[in-house]
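**Q** dropping a prediction and its sequence here:
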2 protein chains.
Amino acid sequence: MKQMTGKQSISFSEPVYIASGAALVGEKEKEGPLGAYFEHVLSDPMCGKESWEEGESQMQLEAAKLAIQKANLKADQIRMIFAGDLLAQSIASSFGLVELNRPIYGLFGACSTMGEALSLGAMAAAAGYGDWVLALTSSHFGTAEKEFRFPLAYGNQRPLSSSWTVTGSGACVLGTKKTKVKITGVTTGKIIDYGLKDNQNMGACMAPAACDTIFQNLTDFNRQPGDYDRIITGDLGSVGQQILLELLRQKGYEIGEQHLDCGMLIFDETTQDTGAGGSGCGCAATVFTAYLLPKLESGEWKRILFVPTGALMSKVSFQEGQSVPGIAQAVVVEHEDT
Amino acid sequence: MKQMTGKQSISFSEPVYIASGAALVGEKEKEGPLGAYFEHVLSDPMCGKESWEEGESQMQLEAAKLAIQKANLKADQIRMIFAGDLLAQSIASSFGLVELNRPIYGLFGACSTMGEALSLGAMAAAAGYGDWVLALTSSHFGTAEKEFRFPLAYGNQRPLSSSWTVTGSGACVLGTKKTKVKITGVTTGKIIDYGLKDNQNMGACMAPAACDTIFQNLTDFNRQPGDYDRIITGDLGSVGQQILLELLRQKGYEIGEQHLDCGMLIFDETTQDTGAGGSGCGCAATVFTAYLLPKLESGEWKRILFVPTGALMSKVSFQEGQSVPGIAQAVVVEHEDT
């Protein structure tokens, strides 16, 4: 059924297929460099609700429904959901997904959550625990600023190393029925803490974790960076990217040719005033479903390593002077010739 | 390898074994009715650290180490950890478990987290994704009051329906090597929202979810309540218990003879001033590892249904007038004759 590979990775001997992917984003994301790839846009960032939180819940529900619809399924065919978000006690997922009335496991992986959801979803589908599994996550600029930073009306200045939380939700339906894109393996991340404490420079906090997971993936699968068409991190941004490339060089790997970062792809930092790039669970999730997945479907890319990255902190841990550890969850995604 | 059973359950054709269970609790828990079963007690609720949060992290780390030690393993033999807690962004787990340096998936299931961790851990072990998997969670009276309620120094009055958050952490090592206790199946919970809004009566908020999961388990496995020696919910407390029994009666099941609740077992409400009972992720986790597991090991009980229950809310959702939905994750645990 499965086949173990190395210390932290699983190689599925029977791959798991991605039946559909759907992204729903805000207007700022639509105005960015990937705008043409985002089909579904929120004209109202509150989704007609009365709070940012209810808006994010509604957005996550709509993304889930879009993915289920694109897979030509009904909600009650989803055997199991893996979902989470950035908010305290994951309220975006809990309140958003109650309407689907499906069995669910709640996750917390900060901005690595799409990697975690795809990993656990693929592990469940590969083991035959369900014909169809839904993996999804979301983030929202309004809720995240309120949760982690300052009131929006305060209009605080941001350092260039800070990131801009993506308003968006991405959802994938996974199954074992053959499609043009398959998940062939995962590498489970460790929590990596270099002791950095700057929550306005999360890229630097997460880069060591991205390095650790990518290095372990290459080791476990006995691959070179060139064996991937792209190695795509979640939301390191331009500052974190430089640190990742340098850390991997010190371990003997040069991934400069392969590396992309969802946070750098989704916004134009020169015209959109987004600092080092986009961030939030929704960043990797929407870029994956709207931009990366079609390139794998078409065969333009044959194999990528998708590595969403998370910064593990809360306002309490920050205010108590704790560091910001990182985690990165990697998924090997490949084109399937059919 | 696996065998599907019904709509929401998995029956493992090869069971997963519990290699060890360890609980670490606070002094109030040690003074309660289960005191004799708790071997490991924190004399300092801050574990020598400077904040409640750091104390909870340290407690979770120590419980993890105890479970690993009791299974005669080294930390680096743990292939994967499933862990979570009640705090915003799961900081108890993130900061507590970084030292173990093991691959990890973070969970959020509110007080149902031990059920979720055991479920996903068993699913991973049954599928062969790792020889040894660690499932754990924690809660802490000091951190939970700060996170959800009032400053401790305020000394607020509590209604009798309120619960008392357990200070404790419970951890289990799971594997496929035969022991005297096995996990033979799981039932994945749905989010159930009856629209209740009283966060001082969480038992009532969670009872409908417990009812839903228990009903589905009995249906999926084609069992009667009497097929279990005990059906044990997480932290419904005395108020939630009455609601659960009544809801199940309406669905045609009488579980009065089998039902126990970890929250009612851990404290003596008449002498310990704990309202309707204990609560928090640590309640079900410590009662399971210290009290239920030995009864399954000895064969006093042959089969139980362990159903940790969670109330899905945050202070933001509460203050915005949202309801408190519930979720319950069930695990079938059996004695193995060796």
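**A** Thanks, I have it.
**Q** quick check, residue A:213 in contact with residue A:191.
**A** No: applying Cβ atoms under 8 Å, one finds residue A:213 not in contact with residue A:191, separated by 11.0 Å. Quick note: C-beta positions are derived from backbone N, CA and C, even for glycine.
**Q** the more surrounded of these two?
**A** Using other Cβ atoms under 10 Å in any protein chain shown as the criterion, residue A:213 and residue A:191 rank with residue A:213 on top: 30 against 26.
**Q** now do the same contact list for the more buried one.
**A** Each residue near residue A:213 by Cβ atoms under 8 Å, 6 or more residues apart in numbering or on different chains is listed here: A:8, A:187, A:189, A:190, A:307, A:328, A:329, A:330.
**Q** hmm, 10 Å instead?
**A** A:8-9, A:112, A:115, A:187-190, A:192, A:233, A:305, A:307-309, A:326-330, B:103 (Cβ atoms under 10 Å, 6 or more residues apart in numbering or on different chains).
**Q** next one: residue A:214
**A** A:187, A:225, A:228, A:231, A:233, A:244, A:247-248, A:251, A:253, A:255, A:258-259, A:305, A:307, A:328, A:330.
**Q** swap in 6 Å and give it another go.
**A** By Cβ atoms under 6 Å, 6 or more residues apart in numbering or on different chains, no residues touch residue A:214.
**Q** and residue A:266, by the same measure?
**A** Contacts of residue A:266 by Cβ under 6 Å, 6+ apart are A:32, A:34, A:278, A:283, A:287.
**Q** and for residue A:251?
**A** residue A:215.
**Q** if we go to 8 Å?
**A** Contacts of residue A:251 (Cβ under 8 Å, 6+ apart): A:211, A:215.
**Q** that one and chain B: what is the separation?
**A** 17 Å (Cβ to the nearest Cβ, to the nearest Å).
**Q** same check, this time on residue A:259
**A** Distance from residue A:259 to chain B, by Cβ to the nearest Cβ: 23 Å.
**Q** I'd say residue A:91 and residue B:315 touch.
**A** No: Residue A:91 is not in contact with residue B:315 according to Cβ under 8 Å; the separation is 9.9 Å.
**Q** give the buried residues for the strand ranked longest in chain A.
**A** Of all the segments assigned as strand in chain A under DSSP state E, the longest by residue count is strand A:9-25. For strand A:9-25, the neighbour count (16 or more other Cβ atoms under 10 Å in any protein chain shown) marks A:9-12, A:15-25 as buried.
**Q** cool, stretch A:137-153 as well?
**A** Going by 16+ other Cβ under 10 Å, stretch A:137-153 has these buried residues: A:137-149.
**Q** and the longest strand of chain A, what does it pack against?
**A** strand A:2-5, strand A:40-41, helix A:52-70, helix A:113-126, strand A:168-175, strand A:181-187, helix A:202-220, helix A:281-287 (3 or more Cβ pairs under 8 Å, 6 or more residues apart in numbering or on different chains; DSSP states H and E).
**Q** pull out the buried residues from the next helix or strand along the chain from it.
**A** Once the chain leaves strand A:9-25, the next helix or strand it forms, by DSSP states H and E, is helix A:27-30. Buried positions in helix A:27-30, judged by neighbour count with 16+ other Cβ under 10 Å: A:28, A:29, A:30.
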